[in-house]
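Trainee: Next comes the sequence, and after it the predicted model I'd like to discuss.
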Amino acid sequence: AQTVTQSQPEMSVQEAETVTLSCTYDTSENNYYLFWYKQPPSRQMILVIRQEAYKQQNATENRFSVNFQKAAKSFSLKISDSQLGDTAMYFCAFMSPFGGSRLTFGEGTQLTVNP
Amino acid sequence: GAVVSQHPSRVICKSGTSVKIECRSLDFQATTMFWYRQFPKQSLMLMATSNEGSKATYEQGVEKDKFLINHASLTLSTLTVTSAHPEDSSFYICSRIGRGGQDTQYFGPGTRLTVL
């Protein structure tokens, strides 16, 4: 079974600065999908970024980018120019193409952006 | 805009009663939807996969007679918590797969259930 580990329960960053959230996973599969979801205080889960394991290029979405290290099974999220609205719980998630689209989530990292 | 809705957003009920939560796919027909449970300050735990026109697939440890799932149409899945008890109090979230394929999930806003 796949596992996803987020070793940072809480992090904080000053507004406009850059922060990196860590995620590692364990799988024996070669092709899979990785995600970062954001859950703000409203508790609505919002997709931040998606990475396909067969793509070597790291995914980017505006201020959000990932550092995908397949051999190390690492998938970190970098948030540039942090904004107050980025304050949220961030979840890393894994999906196998053979698992019926089921997601396995990490424990989450609570990010606080300070003014 | 939102692609998945849930109703109600909050519900309070007495112990022993049953509660139904609706999850709707707003922009396309979803043959597969998912139900999660989330305790405070914890991650999402997948409860079951809801399949249109067939029985739901439950995760290990989830009581299928306790959490009844019905996916009677391509846009609606319902979760009924039967004979609810205080330990069933939680945040319940549904999701569906993306329109373009089955490799991304989009989530509803969640339902907070409180059992007194």
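Mentor: Thanks, I have it. No experiment lies behind these values; they were computed from the predicted model shown. Residues are numbered from 1 along each chain as shown, chains lettered A, B, ... in the order given.
Trainee: what ranges do the strands span in chain A?
Mentor: A:3-5, A:10-14, A:19-21, A:24-26, A:33-39, A:46-52, A:60-61, A:64-69, A:74-79, A:88-95, A:103-105, A:109-114 (DSSP state E).
Trainee: okay, those strands in JSON lines with mean pLDDT, mean neighbour count and distance to chain B next?
Mentor: The way it works is simple: take the backbone N, C-alpha and C, and place the C-beta from them, glycine included. Shown next, in JSON lines, are the strands of chain A (pLDDT from 0 to 100; neighbours: other C-beta atoms under 10 Å in any protein chain shown; distance: least, C-beta to the nearest C-beta, whole Å):
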{"stretch": "strand A:3-5", "mean pLDDT": "96", "mean neighbour count": "16", "distance to chain B": "9"}
{"stretch": "strand A:10-14", "mean pLDDT": "97", "mean neighbour count": "13", "distance to chain B": "10"}
{"stretch": "strand A:19-21", "mean pLDDT": "98", "mean neighbour count": "19", "distance to chain B": "14"}
{"stretch": "strand A:24-26", "mean pLDDT": "97", "mean neighbour count": "16", "distance to chain B": "14"}
{"stretch": "strand A:33-39", "mean pLDDT": "97", "mean neighbour count": "23", "distance to chain B": "5"}
{"stretch": "strand A:46-52", "mean pLDDT": "95", "mean neighbour count": "18", "distance to chain B": "6"}
{"stretch": "strand A:60-61", "mean pLDDT": "96", "mean neighbour count": "12", "distance to chain B": "13"}
{"stretch": "strand A:64-69", "mean pLDDT": "97", "mean neighbour count": "18", "distance to chain B": "15"}
{"stretch": "strand A:74-79", "mean pLDDT": "98", "mean neighbour count": "20", "distance to chain B": "15"}
{"stretch": "strand A:88-95", "mean pLDDT": "97", "mean neighbour count": "24", "distance to chain B": "6"}
{"stretch": "strand A:103-105", "mean pLDDT": "94", "mean neighbour count": "21", "distance to chain B": "5"}
{"stretch": "strand A:109-114", "mean pLDDT": "98", "mean neighbour count": "17", "distance to chain B": "8"}
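Trainee: Residue numbers of chain B in contact with chain A?
Mentor: B:32, B:34, B:38, B:42-44, B:46, B:49, B:57, B:91, B:93, B:95, B:97, B:102-107, B:109-110 (C-beta under 8 Å from any C-beta of the partner chain).
Trainee: returning to that earlier point: could you point out which of the strands of chain A sits nearest B:Lys66?
Mentor: strand A:103-105 (22.2 Å; C-beta to C-beta).
Trainee: strands paired with the closest one, and their directions?
Mentor: strand A:88-95 (antiparallel) (DSSP bridges).
Trainee: so where's chain B shaky on pLDDT?
Mentor: Chain B contains residues with pLDDT under 70 at B:99-102.
Trainee: so which residue of chain B comes closest to chain A?
Mentor: Chain B approaches chain A most closely through B:Phe107 (3.7 Å), counting by C-beta to the nearest C-beta.
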